[in-house]
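Trainee: sequence first, then the predicted structure, then my questions.
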Amino acid sequence: MTVAPVPDLILDVMAAADPAARSAATSKLERLTPASGDFGATMAESARSAAADTAAASTGTMGSLLPGGTGHATFVKKDTSDNAVYRKFEAFVLQMFVETMLPQNANDVFGKGTAGTVWRSMLAEQLSNEMAKGNGIGIAKQLAKSRAAAGGGQSES
């Protein structure tokens, strides 16, 4: 019986990483190293730097924040309205329906055991989210109407 040592995963990833991205990550980590040993001051400086980066991103200078000044940035805007909450609830209900409709014994597609169950659940979640983004099955609209009739909130999605 032979035991093979597991290679260091982090070193393998760093060796395979893009050199520009690796140097950018290394420089950020070095900037976080406290010179004075005061962790609180280092974290406060990091927060100020992140706030400045966010301000630069909102003014459209995102290219300077990316390694080498190139690349793509994705901005995610969260919908905090009541309708978004209703849509999320509808997606949750749809997820239960979709998950029961997916094949139970599809080990070739999803895998075996716990991993297969997780993949199946993730697929059902994504399908239900996409269904709820459209018109869904009307649960979100009904909840919004009942909320409006009760005296508060938005009426239509």
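Mentor: Sure, I can see it. Source: prediction; values computed, not measured. Residues are numbered from 1 along each chain as shown.
Trainee: which residues of the protein score low on pLDDT?
Mentor: Applying pLDDT under 70 to the chain flags residues 1-11, 14, 32-37, 39, 53-82, 152-157.
Trainee: outline the domain layout of it.
Mentor: Here the domain assignment for the chain is 9-69, 82-150, based on automatic domain parsing.
Trainee: so which of those is the most surrounded?
Mentor: domain 82-150 (a mean of 15; mean count of other C-beta atoms under 10 Å). All C-beta spots, glycine's among them, are computed from the backbone N, C-alpha and C.
Trainee: ok, and what's touching the strand or helix carrying residue 120?
Mentor: For residue 120, the host element (DSSP states H and E) is helix 113-133. If you take C-beta atoms under 8 Å, 6 or more residues apart in numbering as the criterion, helix 113-133 is touched by 87-88, 90-95, 97-99, 102, 106-107, 110-111, 137, 140.
Trainee: got the angle between the following helix or strand past that helix and helix 113-133?
Mentor: Once the chain leaves helix 113-133, the next helix or strand it forms, by DSSP H and E, is helix 139-150. Angle, helix 139-150 to helix 113-133, by axes from the mean of the first three to the mean of the last three C-alpha atoms, to 10 degrees: 60 degrees.
Trainee: and helix 139-150, what does it pack against?
Mentor: Secondary-structure packing of helix 139-150 (3 or more C-beta pairs under 8 Å, 6 or more residues apart in numbering; DSSP states H and E): helix 82-101.
Trainee: can you show me the CA trace of the helix it packs on as CSV?
Mentor: Extracted C-alpha coordinates of helix 82-101, given in CSV (Å, rounded to 0.1, in the frame of the first residue of the first chain):
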residue,chain,number,x,y,z
ASP,A,82,-41.4,44.3,-2.7
ASN,A,83,-42.0,42.8,-6.1
ALA,A,84,-38.5,41.3,-6.0
VAL,A,85,-39.4,39.6,-2.7
TYR,A,86,-42.6,38.2,-4.2
ARG,A,87,-40.6,36.9,-7.2
LYS,A,88,-38.1,35.2,-5.0
PHE,A,89,-40.9,33.5,-3.1
GLU,A,90,-42.5,32.4,-6.4
ALA,A,91,-39.1,31.1,-7.5
PHE,A,92,-38.9,29.1,-4.3
VAL,A,93,-42.3,27.6,-4.8
LEU,A,94,-41.5,26.8,-8.4
GLN,A,95,-38.2,25.2,-7.3
MET,A,96,-40.1,22.6,-5.3
PHE,A,97,-42.4,21.9,-8.3
VAL,A,98,-39.5,21.7,-10.8
GLU,A,99,-37.4,19.5,-8.4
THR,A,100,-40.1,16.9,-8.2
MET,A,101,-40.5,16.9,-12.0
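Trainee: okay then, goodbye and thanks.
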